[in-house]
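J.: starting from these lines, generate the structure:
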Amino acid sequence: MVARMGISNVSWSRVGRWLLLNAAVIAVLVALPSVYALRQNKPDAASVNIQENGHFRADLGYFFVEDGRLDVYSDWRDIDVIWDNALRQYVLPRDMEKEVPSGGAPYYHEVYQLDQGEWGRTERNFTQKPARYLDFGPCDASDQINLPNDFVAGLDAGARRALPRGAKIKGVTYIEEGRFVVVVASTIPSRSPSIYQTGTYPLHVFLLALKKDNWKIAARVPVEEWAYYCGMRTSNTILKGGESATLLLVYSCRPEGSRIASVGRQIRSYLIRSNAGTQQRQ
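T.: Reported below is the predicted structural model:
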C-alpha cells in the first residue's frame, strides 16, 4: 500500500511539472503578439508610403502652382490637338469647342484645386496668353546636376550610400522632422534613349528612412523613363479625416516627336504619408 502511494505521488509530481511547463509555453505564445505590437509602435519602426495623385501635361505651355491651385496652359497652335488632363488624352480642337468655345485663342487653360489630397478640375477656357505662369527653364538637359555631400545642400554621405550606384541627385528635402528624406535622382539607364530624346534620362523618387542610424530606401517610384529634370517642391496638406501628408511635385520636360521645338512639360504629383505621427501620439 505504501509502495502504491509512493508511485502515485511520483506520477503526480511528473504530471504537475508537465502542466507547469506547458502553461509557461502557452503564456509566452499568447504574449508574443503584444510584444510584436509594442515593437511596431516604436518610432524606429516608422513606415512611409508614396502614391501618385496627379499627372499634368502642358505641351508647349506653362504651369503655375500656388496655395493648392494649379494652372495649366497648353499651346495647341503648332500641334493641332489638345491634351486634356482630366480625360488624360488628346482631343481635336473641333470636338473641344463643342463644350468650350476657343474664339481663336491659342492657349487651352485648365485650373485644378487640391482638396483633401485630390486634384479636381474647377475651370477650363481658352485664353490669348497665360495670366499665371512660371517658365520651367532652364532644365537639366544633360544630366549634369548632382548635389554634393553638403549640409547646405541637404544631403549627407550616408543618404547617398543608400541610393543605387551611379544615381545623380537632383533635389533633396527632409520631412517628418528629419525622419525621412525625399530624393529625386536620375539613375543609370539600361539602354539609350531614342534619337529624338537625346540627353534625357530616367528619373526616380526615393524615400529614405533613418533606421538604426543608417539611411535605408523605404520606397521608390519611377517618375519618367526619359526626361529632363526641371525642379521639385514640397508642401504640407491635410487629407480626409484630418490626416496630414506631404505633397510632392516633380517638374520635368522632354522633346516630343521629331520636332526640336516641340517640348512636353509635365508635373507629377505625389502624396507621402507615414505612421510616424501616429506612433508619437501613441
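J.: chain center to the helix or strand where Glu110 lies: distance?
T.: For Glu110, the element it lies in under DSSP states H and E is strand 107-115. Using CA atoms, centre = their mean, to the nearest Å, the mean C-alpha position of strand 107-115 is found 21 Å from that of the whole chain.
J.: tell me the strands beside the helix or strand that comes right after that strand, with direction?
T.: Next in sequence after strand 107-115, counting helices and strands by DSSP H and E, comes strand 118-127. Strand pairing for strand 118-127, determined by DSSP bridges: strand 107-115 (antiparallel).
J.: contacts for the strand it pairs with, please.
T.: Strand 107-115 is contacted from outside by 54, 56, 61, 68-76, 82, 84-86, 96, 102, 119-130, 237, 247, using CB atoms under 8 Å, 6 or more residues apart in numbering. (Each C-beta comes from the backbone N, C-alpha and C, glycine too.)
J.: so which bits of that strand are buried?
T.: Of the residues in strand 107-115, those buried by neighbour count under the rule 16 or more other CB atoms under 10 Å are Tyr107, Tyr108, His109, Glu110, Val111, Tyr112, Leu114.
J.: adding pLDDT, write those residues out as a markdown table.
T.: Converted to a markdown table, these look like this (pLDDT from 0 to 100):
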| residue | pLDDT |
| --- | --- |
| Tyr107 | 91 |
| Tyr108 | 92 |
| His109 | 94 |
| Glu110 | 95 |
| Val111 | 96 |
| Tyr112 | 97 |
| Leu114 | 95 |
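J.: okay, strands next: where are they in the stretch 101-250 of the chain?
T.: 107-115, 118-127, 168-175, 180-186, 201-211, 214-238, 244-255 (DSSP state E, counting those that start in this stretch).
J.: so which elements touch the last one?
T.: Yep, that's strand 244-255 we're talking about. Strand 244-255 sits against strand 180-186, strand 201-211, strand 214-238, strand 263-274, with contacts defined as 3 or more CB pairs under 8 Å, 6 or more residues apart in numbering; DSSP states H and E.
J.: quickly, which of these bottoms out on average pLDDT?
T.: Lowest mean pLDDT within the helices and strands packed on strand 244-255: strand 263-274, a mean of 90.
J.: strand partners of that strand, parallel vs antiparallel please.
T.: Here, using DSSP bridges, strand 263-274 pairs with strand 48-59 (antiparallel), strand 244-255 (antiparallel).
J.: could you single out the most deeply buried of the helices and strands packed on strand 244-255?
T.: Mean neighbour count (mean count of other CB atoms under 10 Å) peaks for strand 180-186 among these, with a mean of 24.
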